[in-house]
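Visitor: Sequence isn't available, so here's the structure alone:
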């Protein structure tokens, strides 16, 4: 079995490499090029073992799994204090799916497990990821597990805990002090000249991460559908930057629905920090052509792992297909939610609080069942 | 339903409070006083949902569960490089059960989930734990979840990451600069005068932690038995200090065997740092009466969360009943194993490396299946 070909879902052209559609990039739009949706017909959702490797046929990757026990993260129901306007109405249910339980402490493990298997299958000896955080740590861990060399391009803003994690896992950490364009150029050169296997993107505008790796995120949708079983999830809220997770979750739900394993795809909502909210801005435009081209200023935020100037097309596509939307919350709201989660026993990364804060706004409808993806543990940077 | 009475398994007397058998303590032996073993007859192991709350009837605790999604941690098979003596023989299998995937990053979550439910059932408004680490963080998280106040008595050696975690979770951290005896006295006074519910012990010699809370550890055994199903686990290696986890795992396996859900109880092995190895020393004595009274010097070790001068009786009992033993490894071996695990993608606390290092020594028999409990993530103190 060889890996299936990749195509651009926007213009239909075949893709070269793992770095998005070059034609659409020429129009200023970063479009990822996923493999075809998997056919899940005949699978039994109740006995899905969880994790990206739970259903091997759902993955594009030939060769043996690379795994550290990722996936099967718990759903935790949060308290909702009813307030004024909904007084007397039946409250909805607010859940968080806690991805901090993964081996390196974030959802990125699901993608890097699949990405490293793809790298091994491609005969690579070195993988490279550009990351200011969790993706770098996950790449380092799964490269170690697979026995491949790993180089992580970071910037100077990486929190100390993450730096220590990447170093302890044996990756070579290269701090780039230049612009993103310079970092991208360095990575492109390593990929093209030295044959390093890219786990994140290195073109502009960014299409999102490696499309094979991203298939690992579909398992989040499978697990949600399995764990909530007969209960209908109304909305899944995903903290969004380049929308790899959002797009992967959307693809997973679509595969389940196509196979008759799920009656209806939940509405997806991209949660963003107000300081950097391209999806929220884009969806205010009436016209999809304008949405694709919307740009915003990206300012610093406490949710340091989020922040883009443009809405990655894969994220827009996921929102369009699920009838979803995007919601931005201020740093003040994010910080308050971070504290509120800790006061309920959950120490998560601030980016996770972005999702929960948005979910809390959406759960006011009586009987609504809203799940936020809690993307990472707070242990790497307990202050934020 | 009220909580079942506690008895001393060594002398048979009824226990008062949660701090071990006072009669045996008078003989200089710290003996925990567990509730009766649960009757698991009629349960189906294959459909056990995992975690301490997976089988409510296995727990002594009345009242609703307190949960943050703990349990169901993954088993990960490690590489074994065959070396000299076993050349040509079929290698055994070395697995680690990665407890760092729990909500606060350690196995302690299983106990504190049950301990906080017991505290709520007892009508407590404040819980107290003496801990230099993971237990304090777990107590803080589950107290927050249950809406109870939490006080953690620590010493000055707590790593910064753990301190930050405990603080972020809203516990009151009290640093005791005095002796352990003084700390115990302060905790005893809080329990007796102020009615605080104790989650760890405060008497001398220590019997181990709260016996209701410890019932949460039985779920480690249930999950292992479920996940390995038809395959026979030869040996389970448990990093051991006061032996709460070791005793809980042993009780879980005994319950399964008594109910006919497991053909044979695996051999349990206590893994200790050589710098502080009371079980290893004790089991060199021929006579159980001497084993119970064995004392060693406890020196500092890289495995900072381990270290006792006496073998807690509950641990000896678990080893006796399973035909097990204790093995000590030097700090040099622990450090090398810690690096070796990281080189395979697993960043764990040094104490976890103690267990894996011992398991690696025991897996040389052809066909042997050895599981080490990887007790905690390395994210709280990446250097060690």
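Guide: All right, it came through fine. The structure presented is a predicted model; accordingly, all values stated were derived computationally and were not measured.
Visitor: Is chain B within reach of the one helix or strand residue A:114 maps to?
Guide: Applying DSSP states H and E as the criterion places residue A:114 in helix A:108-121. No - Helix A:108-121 is not in contact with chain B by Cβ under 8 Å from any Cβ of the partner chain; minimum separation 9.3 Å. The way it works is simple: take the backbone N, C-alpha and C, and place the C-beta from them, glycine included.
Visitor: just checking, what packs against that helix?
Guide: Counting contacts by 3 or more Cβ pairs under 8 Å, 6 or more residues apart in numbering or on different chains; DSSP states H and E, helix A:108-121 is packed against strand A:126-130, helix A:134-146, helix A:211-214, helix A:244-258.
Visitor: Report the strands that pair with the following helix or strand past the longest one, each with its relative direction.
Guide: Spelled out, it's helix A:244-258. Following helix A:244-258 in sequence order, the next helix or strand is strand A:267-273 (DSSP H and E). On the basis of DSSP bridges, the sheet neighbours of strand A:267-273 come out as strand A:235-239 (parallel), strand A:325-329 (parallel).
Visitor: winner for burial among these?
Guide: strand A:235-239 (a mean of 28; mean count of other Cβ atoms under 10 Å in any protein chain shown).
Visitor: now that strand: how far from the chain's centre is it?
Guide: Here strand A:235-239 is found 11 Å from its chain centre; the criterion is Cα atoms, centre = their mean, to the nearest Å.
Visitor: tilt between it and helix A:244-258?
Guide: 150 degrees (axes from the mean of the first three to the mean of the last three Cα atoms, to 10 degrees).
Visitor: Not counting strand A:235-239 itself, show me its contacts.
Guide: A:221, A:224, A:245-246, A:249, A:253, A:266-272, A:303, A:306, A:324, A:327, A:351-352, A:354-356, A:358-359, A:362, A:368-373, A:375 (Cβ atoms under 8 Å, 6 or more residues apart in numbering or on different chains).
Visitor: and residue A:370, what helix or strand is that in?
Guide: Short version, using DSSP H and E: residue A:370 is in strand A:369-374.
Visitor: for the residue lying closest to residue A:314 once chain neighbours are set aside, what are its contacts?
Guide: Take residue A:314 and drop its neighbours on the chain: the residue closest to it by Cβ to Cβ, 6 or more residues apart in numbering or on different chains is residue A:247, 3.9 Å away. By Cβ under 8 Å, 6+ apart, the contact list for residue A:247 reads A:32, A:34, A:208, A:214, A:217, A:312, A:314, A:315, A:317, A:318.
Visitor: If we use 7 Å, what do you get?
Guide: A:32, A:208, A:214, A:314, A:315, A:317, A:318 (Cβ atoms under 7 Å, 6 or more residues apart in numbering or on different chains).
Visitor: Could you do residue A:170 as well?
Guide: Per Cβ under 7 Å, 6+ apart, neighbours of residue A:170: A:140, A:144, B:342, B:343.
Visitor: Let's verify it: helix, strand, or coil?
Guide: coil (DSSP: H, G, I helix; E, B strand; the rest coil).
Visitor: What pLDDT does the model give it?
Guide: pLDDT recorded at residue A:170 is 96.
Visitor: What residues does the stretch 151-300 of chain A have near chain B?
Guide: Contact residues (Cβ under 7 Å from any Cβ of the partner chain) of the stretch 151-300 of chain A with chain B: A:161, A:164, A:165, A:168, A:169, A:170.
Visitor: residues contacting residue A:369?
Guide: Residue A:369 sits next to A:92, A:93, A:231, A:232, A:233, A:234 when contact means Cβ under 7 Å, 6+ apart.
Visitor: got it, and residue A:275?
Guide: Counting by Cβ under 7 Å, 6+ apart, residue A:275 touches A:299, A:300, A:301, A:331.
Visitor: Same list (these) but as JSON lines, adding distance to residue B:176 and pLDDT.
Guide: Shown next, in JSON lines, are the contacts of residue A:275 (distance: Cβ to Cβ, whole Å; pLDDT from 0 to 100):
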{"residue": "A:299", "distance to residue B:176": "44", "pLDDT": "88"}
{"residue": "A:300", "distance to residue B:176": "40", "pLDDT": "89"}
{"residue": "A:301", "distance to residue B:176": "39", "pLDDT": "89"}
{"residue": "A:331", "distance to residue B:176": "37", "pLDDT": "97"}
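Visitor: Please determine how far the most centrally placed residue in chain A is located from chain B.
Guide: Nearest to the geometric centre of chain A sits residue A:245, at 2.1 Å (Cα atoms, centre = their mean). Look at residue A:245 and chain B: by Cβ to the nearest Cβ, to the nearest Å, they are 19 Å apart.
Visitor: for that residue, what are its contacts?
Guide: A:107, A:217, A:238, A:373.
Visitor: what about 8 Å?
Guide: Counting by Cβ under 8 Å, 6+ apart, residue A:245 touches A:107, A:217, A:220, A:238, A:239, A:373, A:375.
Visitor: Could you do residue A:276 as well?
Guide: By Cβ under 8 Å, 6+ apart, the contact set of residue A:276 is A:296, A:297, A:298, A:299, A:301, A:306, A:307, A:308, A:309.
Visitor: Return the closest of those residues with respect to residue A:119.
Guide: Closest to residue A:119 out of these is residue A:308 (25.2 Å), distances taken as Cβ to Cβ.
Visitor: what pLDDT does that closest one get?
Guide: So residue A:308 comes in at 87 (pLDDT).
Visitor: what do you get for residue A:2?
Guide: For residue A:2, pLDDT reads 67.
Visitor: show me what contacts residue A:132?
Guide: Counting by Cβ under 8 Å, 6+ apart, residue A:132 has contacts A:154, A:155, A:157, A:158, A:304, A:305.
Visitor: Burial check on the third one, number of neighbours?
Guide: Residue neighbour count, defined by other Cβ atoms under 10 Å in any protein chain shown, stands at 10 for residue A:157.
Visitor: Check which helix or strand it maps to.
Guide: Short version, using DSSP H and E: residue A:157 is in no helix or strand.
Visitor: ok, it touching residue A:305?
Guide: No - with contact defined as Cβ atoms under 8 Å, residue A:157 does not reach residue A:305; the gap is 10.0 Å.
Visitor: Tell me how far the closest residue to residue A:356 other than its chain neighbours lies from chain B.
Guide: Nearest residue to residue A:356 in three dimensions, chain neighbours excluded: residue A:372, at 4.6 Å (Cβ to Cβ, 6+ apart). Distance, residue A:372 to chain B, by Cβ to the nearest Cβ: 14 Å.
Visitor: Outline the domain layout of chain A.
Guide: The record's domain parsing of chain A by automatic domain parsing lists A:75-106+A:214-374, A:108-212.
Visitor: Let me have those in CSV, adding distance to residue A:7 as columns.
Guide: Below are these laid out as CSV (distance: least, Cβ to Cβ, whole Å):
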stretch, distance to residue A:7
domain A:75-106+A:214-374, 13
domain A:108-212, 10
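Visitor: Helices of the stretch 251-384 of chain A, start to end?
Guide: Assigned by DSSP state H, counting those that start in this stretch, the stretch 251-384 of chain A shows helices spanning A:278-282, A:288-293, A:313-322, A:331-342, A:350-362.
Visitor: Now for the one residue in the stretch 201-350 of chain A that gets nearest to chain B: which residues touch it?
Guide: The minimum distance from the stretch 201-350 of chain A to chain B, using Cβ to the nearest Cβ, falls at residue A:345 (3.6 Å). By Cβ under 8 Å, 6+ apart, residue A:345 lies in contact with B:68, B:103, B:140, B:141, B:142, B:143, B:144, B:145, B:169.
Visitor: Quick one: which of these is the most crowded by neighbours?
Guide: Neighbour-wise, the contacts of residue A:345 (other Cβ under 10 Å) top out at residue B:141, 34 neighbours.
Visitor: Look up how far residue A:57 lies from that residue.
Guide: 38 Å (Cβ to Cβ, to the nearest Å).
Visitor: swap in residue A:225?
Guide: 17 Å.
Visitor: Alright, I will stop here.
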